[in-house]
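J.: turn this into a structure:
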Amino acid sequence: MKKTVINTVLASAILSTYAYAETELTPEPEQATVVATMTERPGNPSVTPDGRLLLSVHPLDNPTTKVIELSVAGNQTPYPTMKYAQGDDSLFKAVIAIRTDDNGVAWILDLATHTITGWDTHKETLVKTIKIPASVLKPTSFLQDFALDQKRQRIIIADMTQNDLKSEAIPAFVTVDLKTGEAVRVAENHPSMKADSKTGFALNPITIDPSYEWVYFGAVNGRTVYRVKASHFDNNGQTVASNIEKYADKSYSDGITVDSAQNVYVTDIENNAIGVSTPQGYRIIATLSDNQTWPDGMSFGPDGYIYITVNQLDRTAALNNGTDTGTRPFEVVKIKALATGSTGR
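T.: Numbers count the residues shown, from 1 in each chain. Okay, the predicted model is just below:
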């Protein structure tokens, strides 16, 4: 795979379906609190159980550093080591998704090498490296986000495909057993994974609830949150496709997470806001700072807040006719969760 998996063709693909939603704002939604700023474009966040903030640096910019730890003082340190995260010869090549489990193991997915790295953030040692076999992938696989099922020691990756930006999407779940490394491709091309149009982007936002009962997901350019019980991914996921159900409406979104009350939080890329989807409807609960766009990844922290990257992807050169009009610094923000008990770090 080329080092950069996204290029200028992406602009027409997104913008052709990029119409602002007619979502009615709730009365005076709060403004998200800025907790950190960055000169490099953040990808996804992961807050460890002891409150450390890990961030991928979005591969759209061909960054020199692939993953960082952002300190309270604002210092950015390549993570976990220089060998993994810094320079052209780093082991990480193109990281977006990171999730940290309750034991402090950060699971880092490299979409360029199709590799999962487990790193102990307490001992600062490698736990394991898992190579995802080519047999469960497509030539256009695009492995961005995943749900971390700690109960079953499994991750469920949303393979949007479309990394060549030419072919029609062939989305699917790719499950990986974190103990054995066994991988399976599940529910390929299910209607719930498809975008609203052929030029839109498919399955990407995905999460699992704190009880590890439900997996929630949707398409980037889709207006529905779907869910399926996590137990259906047992036995090679044979019963997943027949048990997917609609849960709620949403806006176009790049990321989601969920709390113990099954409130699904959405990074609303149409309204540059944070919303919540429930069976009762979709509503916006927080706005971004002036001139900030594209809320992206989300992670619950141990303090009851949801941490969100805001990276202005719509202003990158790749999505903006070759000119980067992003206004630095970029932001990491937080909002208070509506219910306690959360997962998806």
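J.: in the stretch 101-250 of the chain, what spans have low per-residue confidence?
T.: Scanning the stretch 101-250 of the chain for pLDDT under 70 picks out 165-166.
J.: rerun at 50
T.: Within the stretch 101-250 of the chain, not a single segment meets pLDDT under 50.
J.: A helix includes residue 218, no?
T.: No. Under DSSP: H, G, I helix; E, B strand; the rest coil, residue 218 sits outside any helix and is assigned strand.
J.: what's the neighbour count on it?
T.: 30 (other CB atoms under 10 Å). No exception for glycine: its C-beta is placed from N, CA and C like everyone else's.
J.: pretty sure it contacts residue 224?
T.: Yes. Using CB atoms under 8 Å, residue 218 makes contact with residue 224 at a distance of 5.9 Å.
J.: who touches both of those two?
T.: Here residue 218 and residue 224 have 192, 250 as joint contacts, going by CB atoms under 8 Å, 6 or more residues apart in numbering.
J.: hmm, residue 285 is touching residue 274, no?
T.: Yes. Taking contacts as CB under 8 Å, residue 285 lies within contact range of residue 274: 6.0 Å.
J.: now list whatever residues contact both of these two.
T.: Common neighbours of residue 285 and residue 274 (criterion: CB under 8 Å, 6+ apart): residue 335.
J.: quick one, which of those two is more surrounded?
T.: residue 274 (27 against 20).
J.: show the contacting residues for residue 120.
T.: So residue 120 contacts 103, 104, 105, 126, 127 (CB under 8 Å, 6+ apart).
J.: any idea how far it lies from residue 107?
T.: From residue 120 across to residue 107, the span is 11 Å (CB to CB, to the nearest Å).
J.: wait, residue 138 touches residue 160, no?
T.: No. Using CB under 8 Å, residue 138 is not in contact with residue 160, being 10.5 Å away.
J.: among those two, which residue is more densely surrounded?
T.: Neighbours were counted for residue 138 and for residue 160 using other CB under 10 Å; residue 160 has more, 26 against 20.
J.: and the gap between the more buried one and residue 221?
T.: 10 Å.
J.: cool, residue 90 as well?
T.: As for residue 90, its distance to residue 221 is 32 Å (criterion: CB to CB).
J.: more crowded one of those two?
T.: A side-by-side neighbour count of residue 90 and residue 221, using other CB under 10 Å, places residue 221 first with 24 against 18.
J.: skipping adjacent residues, who's closest to the more buried one in space?
T.: Leaving aside its chain neighbours, residue 221 sits nearest to residue 200 (3.0 Å; criterion: CB to CB, 6 or more residues apart in numbering).
J.: residues near that neighbour, how many?
T.: With other CB under 10 Å as criterion, residue 200 counts 20.
J.: I figured it hits residue 193, correct?
T.: No. Counting by CB under 8 Å, residue 200 sits too far from residue 193 to count as a contact (11.6 Å).
J.: overlap in contacts, these two.
T.: Residues touching both residue 200 and residue 193 (CB under 8 Å, 6+ apart): residue 219.
J.: tell me, what residue is most central in the protein?
T.: Nearest to the geometric centre of the chain sits residue 145, at 4.1 Å (CA atoms, centre = their mean).
J.: may I see the buried residues of the one helix or strand that residue maps to?
T.: Element membership of residue 145, judged by DSSP states H and E, is strand 143-149. Within strand 143-149, the residues that count as buried by 16 or more other CB atoms under 10 Å are 143, 144, 145, 146, 147, 148, 149.
J.: kindly export stretch 75-92 (C-alpha atoms) in CSV.
T.: C-alpha atoms of stretch 75-92 as CSV (Å, rounded to 0.1, in the frame of the first residue of the first chain):
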residue,chain,number,x,y,z
ASN,A,75,4.2,18.4,25.2
GLN,A,76,3.9,16.0,22.3
THR,A,77,6.1,12.9,22.6
PRO,A,78,6.3,10.1,19.9
TYR,A,79,4.6,7.0,21.4
PRO,A,80,5.3,4.4,22.4
THR,A,81,9.0,4.8,21.2
MET,A,82,10.8,6.7,18.5
LYS,A,83,11.4,3.4,16.7
TYR,A,84,7.7,2.8,16.4
ALA,A,85,6.4,6.3,15.9
GLN,A,86,9.0,8.7,14.5
GLY,A,87,10.5,9.1,11.1
ASP,A,88,10.3,7.6,7.6
ASP,A,89,11.6,4.2,8.8
SER,A,90,9.2,4.0,11.8
LEU,A,91,7.4,0.7,12.4
PHE,A,92,4.1,2.5,12.3
